[in-house]
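Asks: Model the following, please.
(2 chains)
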Amino acid sequence: MENSKFKSFVKSNMMWLILILIIAVFAILSPNFRSVRNLLNILNQNAYFIVATIGVAMIMISGGTDLSVGQIIGVIGVGIALLMEAGVPVPVACILGLIIGIVFGGFNGLAANVLRIHPMIVTLATMTMFKGISFILSGSKSFYNFKPSYLAIGQGSVGPINVPIIIAIVVALVIHFILSKTCFGRFIYAVGGNPETARLAGINVGKIKLMTFALAGCLFGISSIILTSRGGSASSNIGPGVEFDAITACVLGGVSFIGGAGRVADAVVGCLILGVLTNGMQMIGLDVNSQYVVKGIILMASIGYDTYQQQAKVKKKTA
Amino acid sequence: MEQKVILKMHGISKFYPGVVALNKVDLTVYEGEVHALLGENGAGKSTLIKVLSGAVRNDEGTIELDGKTFEHMTPLGARECGVEVIYQEYNLIPGLTVAENVCLGSQMHGIVDMKQQIVKTQEIFDRYNIHLDPKALVGSLPPAKQQLVEITKAISKDPKIIVMDEPTAQLTMAEVENLYKIIAALKAKGTAIIFISHRMEELFAVTDRVTVMRDGQYIDTVNTAETDRDSLITLMVGRELKSGEPRKSYATDEVVLKVENVSGYVNENCSFELKKGEILGVAGLVGAGRTELMRVIFGADKKLSGKVSVNGKEVDIKRPEDAIRCGIGLIPEDRKMQGCFLNQTIEWNISMGNIRSLTTGNLIDNKKIADAAEKYKDMLNIKTPSVQQLVRNLSGGNQQKVVLAKVLLADTDIIIFDEPTRGIDVGARAEIYALMDQLAGSGKSLIMVSSDMEELLAMSDRVIVLAEGKITGELKREEFSQERILDMASVE
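Replies: Here you go, the predicted structure:
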């Protein structure tokens, strides 16, 4: 009994063990890597990415995908920069930024519901649409010279811990709470697991999807604020590209691509593995292009292993 | 006239765990004959056809086809011997043209010769007087035309036997006439046709002989010309009803659900009442619109017109959640696709029936969920080591109990059971019957849709019968008989 409990613990936390293994390997290979400063730096650099990925994870659990994340992050960054340029106070600009996220995310959800097409296709279209909106707003310009109070969000720290890390931790805890302790959270799993069963059980599937997309949009807003305030600049090109990394991190961490399963912790560990790999490979002096190859191999290996395990289970059952 | 035997299936048996699907069935078909296979839902017609086509492997018996004897048929072997089956679900590729579909599989190598395909297809069309454009995309055709493509595809293989499974289910009168003409032409050419249908008038219109099956058994083969509708129905139902103790009725006179002139995409002007403590049976053949009517009432499908009242008050049910709020629960027909979350635990599944009742201060209370799951596990005798077991890993009967538990948790006064015992073993069936009886006894009102005539008559206080989307009759318990129900369910 103890043995099987240990086994199931290992199984459900496999990716964390792999993360620890990767950290250990780099720590042995590179003295620079193993400093506390560097490890905090990895967290700080990836905080925005973790927040965005948690949003994507929620959407994936509800049975959808979001390819427009990067563009939404870009639009919000540009929007906040424009608002601040126009003299809107920083807190108000940030709140409006979150609202932009909720509206754009909600639009994705609404379109998927009304048109009854898979969110992947919907967001493929809105990705292009949002990109256009983003460039219209920014006029292809970059924005600098942010107010110190805005920069403090991304560049400040409490003791040795950077503010973005704290924000990411709070977001992770709040979303974990919503997914595991509220009815809304359960409904997200139900809708992703089997929409028809969920509907017949009296769940308003469309509403849950819409709310999930909107809440995820709010997270994309937070992510954008962290990203632009830490880097001190915003433009239509800051943000795009995140979508595929986020989906990669989710799948790597164990969030089901077909929906109905996954935890916040899965999304976080996926992000951390990608982040640690990038940082570690830089530290040991691997060039950027080789990094891509290694990342791709690790992704394929880990997902392949997961699928293999699933199949082995099925075979055992039928035998 | 001496006729040549083209197919002789002898002593065919097929056993599934706990079920005898076919029990020593014989079927003899002559060359150039239209042979009907008749029986109630679940009589074993489809299984027999699948044995013939090689899709299912028989456990006993032999198949003599065109002079050769086989222990088992394989899909390839069946095709080589000239057996073509046209299933109810068409096997066409919507993105290809008619000609490409017809010729699919006839050419395996080299460059596809489109012109030749079109010529070949047009030839068949001309011969059988089929009016269809070989270049049209199959996906753009209505079901009746798609069926013609299926038939053409079958004919193009030059088969000795064509099996048609409920070929007229989706056709209009004119299209049915057209089909009869094609059948006549095939027959003249010497092709044997096995024709599966529920519709009596069709059997008399096109078939030469009828083989009747019941409960996986061969009953009789008769010449169509020498029989009539009533004797066929008697053969189909056959057995005398087991005269056990009739179920005690708890029905009162209080009407809890009143359905008036409800129409949906399938149903037309359906009206009935359900009384408190009653079990109302809903009978009909497959495709009669029973499930659809229940789904319209429950708000799962769109109601086009009509009124539904619960406890005397008219209610506006647009979605399932409205129905549950009004006190109507549904145990859906397809437990895997509509009833369960297969990848979640038993506990999780049950809790989804009414998660809001399992919260403390609006937050999920895992203790309450565990308690509820344990309670229903014991009450319904769900056989599992733990409520943490994934529903995917349960047997059909236990999965169905989880679905029941989920619906019971919502504590609705009206519960619709759609095929509650389909595909589950005898023991679990008895437990579900006992549960239904107990629910009725405690003042709940139940509707039971079932294709199993015996259980329907044993459990129901009253039965309504549907055919082609309409309610065609109602029988009180003292009027129950399978013959009468089948009579009402068969469209003239």
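Asks: Toward the C-terminus, what is the element adjacent to the helix or strand containing A:Gly70?
Replies: Taking DSSP states H and E as the definition, A:Gly70 sits inside helix A:69-85. Following helix A:69-85 in sequence order, the next helix or strand is helix A:90-115 (DSSP H and E).
Asks: tell me the angle of the helix holding A:Gly70 relative to helix A:90-115?
Replies: Calculated by axes from the mean of the first three to the mean of the last three C-alpha atoms, to 10 degrees, helix A:69-85 forms an angle of 140 degrees with helix A:90-115.
Asks: For helix A:69-85, give the mean pLDDT please.
Replies: Over the span of helix A:69-85, the pLDDT mean works out to 97.
Asks: Which strands or helices does it pack on?
Replies: Applying 3 or more C-beta pairs under 8 Å, 6 or more residues apart in numbering or on different chains; DSSP states H and E, one finds that helix A:69-85 contacts helix A:36-61, helix A:90-115, helix A:119-138, helix A:205-231, helix A:242-253. Bear in mind the C-beta positions are built from the backbone N, C-alpha and C, glycine included.
Asks: Out of the ones you listed, which gets nearest to chain B?
Replies: Chain B sits nearest to helix A:205-231 of all the helices and strands packed on helix A:69-85, at 9.4 Å, using C-beta to the nearest C-beta.
Asks: relative to helix A:119-138, how tilted is the closest one?
Replies: 40 degrees.
Asks: Can you give me the buried ones in helix A:205-231?
Replies: A:205-206, A:208-231 (16 or more other C-beta atoms under 10 Å in any protein chain shown).
Asks: Same question for stretch A:134-141.
Replies: Those would be A:134-135, A:138, for stretch A:134-141 by 16+ other C-beta under 10 Å.
Asks: do stretch A:25-42 as well
Replies: Buried residues in stretch A:25-42, counting neighbours by 16+ other C-beta under 10 Å, are found at A:26-27, A:30, A:33-34, A:38, A:42.
Asks: next one: stretch A:16-27
Replies: For stretch A:16-27, the neighbour count (16+ other C-beta under 10 Å) marks A:16, A:18-19, A:22-23, A:26-27 as buried.
Asks: Which of these fall within helices?
Replies: Among the buried residues of stretch A:16-27, the members found in helices (DSSP state H) are A:16, A:18-19, A:22-23, A:26-27.
Asks: contacting residues around the residue nearest the centre of chain A?
Replies: Centroid check for chain A by C-alpha atoms, centre = their mean gives A:Thr53 as the closest residue, at 0.6 Å. With contact taken as C-beta atoms under 8 Å, 6 or more residues apart in numbering or on different chains, A:Thr53 is in contact with A:245-246, A:249-250, A:267-268, A:270-271.
Asks: Can you name the two of these that sit furthest apart?
Replies: Using C-beta to C-beta, the contacts of A:Thr53 span at most 13.8 Å, a distance reached by A:Asp245 and A:Val268.
Asks: if we can go back for a sec, in TSV: the buried residues of stretch A:134-141, plus distance to chain B.
Replies: As requested, the buried residues of stretch A:134-141 are exported to TSV (distance: C-beta to the nearest C-beta, whole Å):
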residue	distance to chain B
A:Ser134	36
A:Phe135	37
A:Ser138	42
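Asks: Go through those and say which is closest to B:Val20.
Replies: A:Ser134 (66.8 Å).
Asks: how close does that closest one sit to A:Val103?
Replies: Distance of A:Ser134 to A:Val103, computed by C-beta to C-beta, to the nearest Å: 14 Å.
Asks: just to revisit the earlier point, any chance of the helices and strands packed on helix A:69-85 in CSV, with mean pLDDT too?
Replies: Shown next, in CSV, are the helices and strands packed on helix A:69-85 (pLDDT from 0 to 100):
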stretch, mean pLDDT
helix A:36-61, 96
helix A:90-115, 96
helix A:119-138, 95
helix A:205-231, 97
helix A:242-253, 92
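Asks: Nearest residue to A:Leu215 in space, please, no chain neighbours.
Replies: Residue nearest to A:Leu215 in three dimensions, not counting chain neighbours: A:Met58, with 6.6 Å by C-beta to C-beta, 6 or more residues apart in numbering or on different chains.
Asks: what separates the one you found from A:Val69, distance-wise?
Replies: Distance from A:Met58 to A:Val69, by C-beta to C-beta: 12 Å.
Asks: Neighbour count: the two, which is higher?
Replies: A:Val69 (34 against 28; other C-beta atoms under 10 Å in any protein chain shown).
Asks: right, and that one touches A:Ile54 too?
Replies: No. Using C-beta atoms under 8 Å, A:Val69 is not in contact with A:Ile54; the gap is 11.3 Å.
Asks: got the contact list for the residue of the stretch 151-300 of chain A found nearest chain B?
Replies: Ranked by C-beta to the nearest C-beta, the top residue of the stretch 151-300 of chain A for proximity to chain B is A:Gly202, at 3.9 Å. Shown in contact with A:Gly202 (C-beta under 8 Å, 6+ apart): B:319-321, B:323-325, B:410.
Asks: Narrow those to those in helices?
Replies: Reading helices off the contacts of A:Gly202 with DSSP H, I get B:320-321, B:323-325.
Asks: among the residues you listed, which are in reach of chain A?
Replies: By C-beta under 8 Å from any C-beta of the partner chain, the members of these lying near chain A are B:320-321, B:323-325.
Asks: In TSV: these, plus neighbour count and pLDDT.
Replies: TSV is the format used below for these (neighbours: other C-beta atoms under 10 Å in any protein chain shown; pLDDT from 0 to 100):
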residue	neighbour count	pLDDT
B:Pro320	24	95
B:Glu321	17	94
B:Ala323	25	96
B:Ile324	23	95
B:Arg325	16	94
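Asks: quick one: secondary structure of A:Gly270?
Replies: helix (DSSP: H, G, I helix; E, B strand; the rest coil).
Asks: Next: B:Asp301.
Replies: Under the three-state scheme (three-state DSSP), B:Asp301 adopts coil.
Asks: Number of residues surrounding it?
Replies: Neighbours around B:Asp301, by other C-beta under 10 Å: 17.
Asks: mind listing what the residue lying closest to it once chain neighbours are set aside touches?
Replies: Excluding the flanking residues, the one nearest B:Asp301 by C-beta to C-beta, 6+ apart is B:Arg295, at 4.3 Å. Contact analysis of B:Arg295 by C-beta under 8 Å, 6+ apart lists B:264, B:301, B:330.
Asks: wait, isn't the first one in contact with B:Ala300?
Replies: The one in question is B:Gly264. No. Using C-beta under 8 Å, B:Gly264 makes no contact with B:Ala300, being 10.2 Å away.
Asks: and stretch B:435-450, average pLDDT?
Replies: Here stretch B:435-450 scores 94 as its mean pLDDT.
Asks: Those residues of chain A touching chain B, which are they?
Replies: Contacts of chain A with chain B, taken as C-beta under 8 Å from any C-beta, map to A:180-183, A:185-187, A:189-190, A:193-194, A:196-204, A:260-261, A:317.
Asks: ok, of these, which come out buried?
Replies: For those, a burial check counting by 16+ other C-beta under 10 Å picks out A:181-183, A:185-187, A:189-190, A:193-194, A:197-204, A:260-261.
Asks: Could you list which of the residues you listed belong to helices?
Replies: A:181, A:183, A:185-187, A:189-190, A:193, A:197-200.
Asks: element containing B:Val29?
Replies: B:Val29 is located in strand B:19-30, with elements delineated by DSSP H and E.
Asks: Show me what that strand is packed up against.
Replies: strand B:5-16, strand B:34-38, helix B:45-53, strand B:60-65, strand B:192-196, strand B:217-223.
Asks: Show me what the second one is packed up against.
Replies: Based on contacts counted as 3+ C-beta pairs under 8 Å, 6+ apart, the elements that strand B:34-38 packs against are strand B:19-30, helix B:45-53, strand B:192-196, helix B:200-206, strand B:209-214, helix B:229-237.
Asks: The second one versus strand B:34-38: what angle between them?
Replies: When you say that, I think you mean helix B:45-53. Comparing the axes of helix B:45-53 and strand B:34-38 via the same axes, to 10 degrees yields an angle of 130 degrees.
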